[in-house]
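*Asks:* Predicted model and sequence follow; I will ask about them next.
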Amino acid sequence: MESSTTKGFLLGAGLIVLLVLAFIAGGYFYNPNEKAKNEPQQPAAITKTTPASPAAQAQTPVQPDDKRQLISSATEYEQQYILDTFLGKFNTSPATTNFTYTNAQKGIELVLPWNPLWGTSAHKIAQYETTKNGINFGFIEVCGEGAGCLWREFNLAFLPAKSLAEEKKARASADMLTEEVLSINGFTVLYTGYDGMCPGTAMTVIGKKYNYEFGSACGLSDEQITKLKKIIATIKFI
């Protein structure tokens, strides 16, 4: 017959074994990455994006699309169409801004006048028009006593490079009323004028690759000469 001491020892040893087995089993099945169902979850990290200040954002002005029909002074319209469609309807108000015209082949860069409202309420025009030997620019208007054509305020012709003396000789004529040599911002400019029903006046800049003749459809008014002097002052030979 076992003593009470022996029974107690055996019961204690058995309890220890059960505790050890329970500990081992618990460690074997425990997943350290698994959260208890009732354990509160930590919120995920939130990246806050702060919008740039208005001053730091690119401000691109949005201009309404100009839906007017594009026209050119080079288009040959019938006289009656010009009378009905264009006569007295062109906006010829002063330029409100300008743009840089660059022609590396012709060796010139200059600043030309522009007004986005030039044209009529139904017709718009390009900043300039390319011609056979140059460009036309400025506002557009009806020309001819019988309203037979459209014309741009100014034209610029690219001429073969010549010295001042050569230009004078080439332009010598009995009909010449005016010949004057001007200096505009360091450029030599030959101003010439001719007589006739449509007096031809021109301001020719003596250049490097080319010479540059500025004129208009039927002579230059004092106001136009003032405008051209400002334009010529912006020239860069390139």
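*Replies:* Everything's here; your move.
*Asks:* following the helix or strand of the chain with the lowest mean pLDDT, which helix or strand shows up next?
*Replies:* Lowest on mean pLDDT, DSSP states H and E among the helices and strands of the chain sits helix 4-29, with a mean of 44. With elements assigned by DSSP states H and E, the helix or strand that comes after helix 4-29 is strand 69-71.
*Asks:* How about the helix or strand following that next one, which residues are buried there?
*Replies:* As assigned by DSSP H and E, the chain's next helix or strand after strand 69-71 is helix 79-85. By neighbour count on 16 or more other C-beta atoms under 10 Å, the buried set for helix 79-85 is Ile82. Heads up, the C-betas are built off the backbone N, CA and C, glycines and all.
*Asks:* Outside of whichever helix or strand comes after helix 79-85 itself, which residues are in contact with it?
*Replies:* Reading on from helix 79-85 to the C-terminus, the next helix or strand found by DSSP H and E is strand 97-103. Strand 97-103 has contacts (C-beta atoms under 8 Å, 6 or more residues apart in numbering) with 108-116, 127-128, 135, 137, 238.
*Asks:* roughly how far out does strand 97-103 sit from the chain middle?
*Replies:* 10 Å (C-alpha atoms, centre = their mean, to the nearest Å).
*Asks:* send the alpha carbons of whichever helix or strand comes after it over as PDB?
*Replies:* Note on strand 97-103: by DSSP H and E, the next helix or strand toward the C-terminus is strand 108-114. Provided in PDB are the C-alpha atoms of strand 108-114 (Å, rounded to 0.1, in the frame of the first residue of the first chain):
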ATOM      1  CA  ILE A 108      16.400  88.600 -89.800                       C
ATOM      2  CA  GLU A 109      14.400  88.700 -86.600                       C
ATOM      3  CA  LEU A 110      12.100  91.600 -85.600                       C
ATOM      4  CA  VAL A 111       9.100  92.400 -83.500                       C
ATOM      5  CA  LEU A 112       5.800  93.000 -85.400                       C
ATOM      6  CA  PRO A 113       2.500  94.500 -84.200                       C
ATOM      7  CA  TRP A 114      -0.600  92.400 -83.600                       C
END
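*Asks:* Having no further points to raise, I will conclude here.
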